[in-house]
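A.B. asks: generate coordinates for the sequence data below:
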Amino acid sequence: MDSSINTTDAYMTTFDYDQAPQPEESTSSQEFNYHVVPALYSLVFIVGLLGNALVVLILIRFKKLKSMTDIYLLNLAISDLLFIVSLPFWAYAAGSQWVFGNTMCRILSAAYEIGFYSGSFFIILLTIDRYLAIVHAVFAMKARTVVYGMSSSGCTWVLASLACVPTLMFSMVQKRKEGQKCSSLTEDASKHLLVFMKIILGLIIPWFIMLFCYVRILRILMKNRSEKKVKAIRLIFVIMVVYFIFWVPYNVTFLLMTYQDWFFSDTSNNLGLAIQVTETIAMSHCCLNPVIYAFVGEKFRKYLSALFRKRTVFSCCKVCLGAGLPSLERSFSSVSTSEHDISTGL
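C.D. replies: Residues are numbered from 1 along each chain as shown. Sure, this is the predicted structure:
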C-alpha cells in the first residue's frame, strides 16, 4: 500500500500532456482553471454541438456528399464533434477534480488527441483538394471522386488513431496537491518524444504542405484570375488560417513548458497560466468552423435558410436519418466529378 502511494507521489511532477496543468498550480492558474474554464468549455460545447450538427445535417440533406470536398468537410465536422463530446468532462474536472476513473481518462484523452490530429489532417486534405482542382484540373477529373474521398478519409482516421496510441497508453488518474487529475504518466524522454510528434505531425508538416499548395494556387490565380476559382479557395483558406491561429499559441507554450529549463533560468509559474489560457483558446476552435461557413460560404447560408423554412427541425432530422441514407447510397454509385466542379461544397 505504501509503495503504491510512493509511486504515485513520485509522478506528481510529471507534466500533463493533454490538460497541461503544473504539479503545483499558481494562484492565478487555479483561479482561471476553477472559475473561467468550466464556463467557457460549457459555452463551446453548446455552440459547437449545435453548429457542427447543422453542418452534418446540411451536407447530408442538401449536398448529399456529391464530391470529395463534401466528404472532407463532413469528416472535419465529425472530428470537431468528437472533440466536443469530451468538453463536459474536462469542464467538470477543471472546476473540481477528476472523478470519472482511469478508463474514461484514457478514452477522453484519446478523443482529445484524435480530434486534434484528424482536424489537422482533414484540413490538409481539403487544401490538397483545392490544389488539384485548380492547379491540376485535368488530373482532378479522375482523382477527385467520392470513392477516393472516402478511402483517404478512412486512412486519415486510422493515422489519427495511431497517433493517439501513446496518449491512450500513458494517460491515467494521478493524485496531486489540488486533487485528482487525468494526465499523462511518462518519463522525460517519452514526454519529449510525444511533444515533438505532436508539433511535427499536427503543425509543421501540415504547414509546409499547405504553404506549398497555396503558393502554387496563387500563381495560377495571378496568371488567370477567375472569380469562381477565388471563391473556391476562400472558404478552405479561411478555415486553415483560423485553425493555425487558434492552435499555434498553445503548442508553442506547450513546447516552452516542456523545455522550460532550457529557455528560462528560473522556473516560472506564469507558464501554467499561459498553458491554461492558450489551451482554452485552442479548444474553442471546434465551434468556429460553422461560424466560418456562415460568413464565408454563400451556399451554406442558402441551405441553412432552406433548412429552417421547413415545418419543423424534427422533420429535417427524420429525413436526414431515414430517407437520407438510401439517397447516400444512390449518390455514391451515380455521382461523377465534373472538370469544372471546383466548388467548396458549402
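
A.B. asks: what about the helices in the stretch 151-300 of the chain?
C.D. replies: 165-170, 188-199, 205-223, 227-258, 260-263, 270-283, 289-296, 298-308 (DSSP state H, counting those that start in this stretch).

A.B. asks: nearest to Gly48, of those?
C.D. replies: Proximity to Gly48 (CB to CB) singles out helix 289-296 among the helices of the stretch 151-300 of the chain, at 7.9 Å. In short, each C-beta sits where N, CA and C put it, glycine included.

A.B. asks: check which residues of that closest one are buried.
C.D. replies: 289-290, 292-293, 296 (16 or more other CB atoms under 10 Å).

A.B. asks: turn those into TSV, including pLDDT and distance to Asn52.
C.D. replies: Below are the buried residues of helix 289-296 laid out as TSV (pLDDT from 0 to 100; distance: CB to CB, whole Å):
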residue	pLDDT	distance to Asn52
Asn289	88	7
Pro290	88	6
Ile292	87	12
Tyr293	84	10
Val296	80	16
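
A.B. asks: same list (the residues you listed) but as TSV, adding distance to Tyr243.
C.D. replies: Shown next, in TSV, are the buried residues of helix 289-296 (distance: CB to CB, whole Å):
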residue	distance to Tyr243
Asn289	9
Pro290	14
Ile292	10
Tyr293	14
Val296	14
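
A.B. asks: as a markdown table, the helices of the stretch 151-300 of the chain with distance to Ser86 would be great.
C.D. replies: Formatted as a markdown table, the helices of the stretch 151-300 of the chain follow (distance: least, CB to CB, whole Å):
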| stretch | distance to Ser86 |
| --- | --- |
| helix 165-170 | 12 |
| helix 188-199 | 17 |
| helix 205-223 | 22 |
| helix 227-258 | 16 |
| helix 260-263 | 27 |
| helix 270-283 | 9 |
| helix 289-296 | 17 |
| helix 298-308 | 26 |
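
A.B. asks: for Ile275, see how far away Ile200 is.
C.D. replies: 20 Å (CB to CB, to the nearest Å).

A.B. asks: so those two - more neighbours on which side?
C.D. replies: Set Ile200 next to Ile275 and count neighbours by other CB atoms under 10 Å: Ile275 wins out with 23 against 11.

A.B. asks: the more buried one is in contact with Phe254, isn't it?
C.D. replies: Yes. If you go by CB atoms under 8 Å, Ile275 and Phe254 touch, sitting 6.7 Å apart.

A.B. asks: quick check: closest non-adjacent residue to Phe100.
C.D. replies: Phe89 (6.1 Å; CB to CB, 6 or more residues apart in numbering).

A.B. asks: please put the alpha-carbon coordinates of the helix or strand hosting the one you found into CSV.
C.D. replies: Using DSSP states H and E, the element containing Phe89 is helix 87-95. Below are the C-alpha coordinates for helix 87-95, written out as CSV (Å, rounded to 0.1, in the frame of the first residue of the first chain):
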residue,chain,number,x,y,z
LEU,A,87,-15.6,19.0,-23.1
PRO,A,88,-18.2,18.5,-20.4
PHE,A,89,-15.9,16.1,-18.6
TRP,A,90,-12.9,18.4,-18.9
ALA,A,91,-15.1,21.3,-17.7
TYR,A,92,-16.2,19.4,-14.6
ALA,A,93,-12.6,18.3,-13.8
ALA,A,94,-11.3,21.8,-14.2
GLY,A,95,-13.9,23.2,-11.7
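
A.B. asks: how far does it sit from its chain's centre?
C.D. replies: Taking the mean of its C-alpha atoms, helix 87-95 sits 18 Å from the chain's own mean (CA atoms, centre = their mean, to the nearest Å).

A.B. asks: centre of the chain to the helix or strand harbouring Ile58, how far?
C.D. replies: Here Ile58, judged by DSSP H and E, is contained in helix 37-58. Put simply, helix 37-58 sits 13 Å off its chain's centre (CA atoms, centre = their mean).

A.B. asks: what is it packed up against?
C.D. replies: With contacts defined as 3 or more CB pairs under 8 Å, 6 or more residues apart in numbering; DSSP states H and E, helix 37-58 has these neighbours: helix 68-84, helix 87-95, helix 270-283, helix 289-296, helix 298-308.

A.B. asks: swap in 6 Å and give it another go.
C.D. replies: Contact here means 3 or more CB pairs under 6 Å, 6 or more residues apart in numbering; DSSP states H and E; on that basis helix 37-58 packs against helix 68-84, helix 87-95, helix 289-296.
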